[in-house]
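Asks: here's a sequence, model it:
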Amino acid sequence: QAQLVESGGGLVQPGGSLRLSCAVSGFTLENSAIGWFRQAPGKEREGVAAIKISLRTTDYANTVKGRFTIYRDKNTVYLQMNNLKPEDTGVYSCAAGWPTIPLLGHEYDYWGQGTQVTVSS
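Replies: Residues are numbered from 1 along each chain as shown. Model (predicted):
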């Protein structure tokens with residue numbers, strides 16, 4: 001059974017950095033994709049970043065390009081977030097699957113429980 005566990009969220013001031021981790025078990029990462037998604041209160045879930053593991057290609061939402069980096073190390077996929085803004089606040093979740101469009105959440109099969117990121121002074 002696939003299991004994804006996120007960690008690394010917290011409270012950070014604007015301009016600060018956080019690194020989120022998505023530990024994956026019970027799932028073969030090769031030929032799959034891992035995506036990071038976020039949802040703010042009252043807003044729809046948004047695809048933030050995704051990586052196709054075997055192709056080593058990445059996709060980013062326009063709102064985070066140049067500030068966020070997604071990368072993989074063994075069975076963990078990280079999301080390095082720099083220059084954080086208040087609008088980055090939300091619950092961040094990672095997902096695993098075989099999406100055609102990596103930033104579309106409904107194309108993923110397995111999800112973690114999420115970790116809260118709050119950007120505030």
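Asks: what sits against the residue sitting furthest away from the middle of the chain?
Replies: Taking C-alpha atoms, centre = their mean, the residue of the chain most remote from its mean C-alpha position is Ser121, at 23.2 Å. The contact partners of Ser121, taken as C-beta atoms under 8 Å, 6 or more residues apart in numbering, are Gln13, Pro14. Where C-beta positions appear, they are placed from N, C-alpha and C, glycine not excepted.
Asks: hey, where'd the strands end up in the protein?
Replies: 3-7, 10-12, 18-25, 33-39, 46-52, 57-60, 68-73, 76-81, 90-97, 108-111, 115-119 (DSSP state E).
Asks: can you give me the buried ones in the second one?
Replies: In other words, strand 10-12. For strand 10-12, the neighbour count (16 or more other C-beta atoms under 10 Å) marks Val12 as buried.
Asks: tell me what it is packed against?
Replies: strand 115-119 (3 or more C-beta pairs under 8 Å, 6 or more residues apart in numbering; DSSP states H and E).
Asks: from the centroid of this protein, which residue is nearest?
Replies: Trp36 (2.0 Å).
Asks: tell me how far it lies from Tyr92.
Replies: Shown here: Trp36 relative to Tyr92, a distance of 6 Å by C-beta to C-beta, to the nearest Å.
Asks: and for those two, which residues touch both?
Replies: The contact lists of Trp36 and Tyr92 share Leu20, Val48, Leu79, where a contact means C-beta under 8 Å, 6+ apart.
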